[in-house]
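K.L.:
No letters, just coordinates:
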């Protein structure tokens, strides 16, 4: 099953990134700015997403947020960046983009969202 998700992820991500400025020149259409997959469990931002960096929101039933974050990060060979327990229960990590769909379908995971580059308004 993991190889099926990995193949689908590579195809989807390649198509999405090729549809944006990286392959065709120009700006991606507004509809391609955010892509939601796997019944809303995976949210990608092909136009301004940070490659390989994801924020994971855990299920409310997860008692040990730090332990779950550490275990899932290790399972996908990632680097744990931060653990969140106050505003929401989850964590940020670096993993290979092709592993994001598999992470999103883990039972303890509510949603996985690709981090985004944010640009401040320079107008004053």
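P.N.:
Done, it's in. Being a predicted model, the structure only gives us computed values, none of them experimental. Numbering: from 1, shown residues only.

K.L.:
going forward, measure contacts between C-alpha atoms and count neighbours the same way
P.N.:
Fine.

K.L.:
what bits of this structure have low per-residue confidence?
P.N.:
The chain contains residues with pLDDT under 70 at 1-32, 122-124.

K.L.:
Check which helices and strands the longest strand seen in the chain sits against.
P.N.:
In the chain, taking DSSP state E as the definition, the longest strand is strand 49-58. Packing contacts for strand 49-58, counted by 3 or more C-alpha pairs under 8 Å, 6 or more residues apart in numbering; DSSP states H and E, involve strand 90-94, strand 109-116.

K.L.:
quick one: which of these is nearest residue 39?
P.N.:
Of all the helices and strands packed on strand 49-58, it is strand 109-116 that lies closest to residue 39, at 9.7 Å by C-alpha to C-alpha.

K.L.:
in its sheet, what does the closest one sit against?
P.N.:
Applying DSSP bridges, strand 109-116 is found paired with strand 42-44 (parallel), strand 49-58 (antiparallel).

K.L.:
What residues does residue 67 make contact with?
P.N.:
For residue 67, the contact set (C-alpha atoms under 8 Å, 6 or more residues apart in numbering) is empty.

K.L.:
got the angle for the host helix or strand of it vs strand 90-94?
P.N.:
Assigned by DSSP states H and E, residue 67 belongs to helix 65-75. Angle between the axes of helix 65-75 and strand 90-94 is 30 degrees (criterion: axes from the mean of the first three to the mean of the last three C-alpha atoms, to 10 degrees).

K.L.:
Output the contacting helices and strands for the helix or strand following helix 65-75.
P.N.:
Counting by DSSP H and E, the element after helix 65-75 in chain order, helix or strand, is strand 79-84. Counting contacts by 3+ C-alpha pairs under 8 Å, 6+ apart, strand 79-84 packs against helix 65-75, strand 90-94.

K.L.:
about what we covered before: how far out from the middle of the chain is the helix holding residue 67?
P.N.:
The chain centroid and the centroid of helix 65-75 are separated by 16 Å under C-alpha atoms, centre = their mean, to the nearest Å.

K.L.:
now swap in stretch 85-95 and tell me
P.N.:
12 Å.
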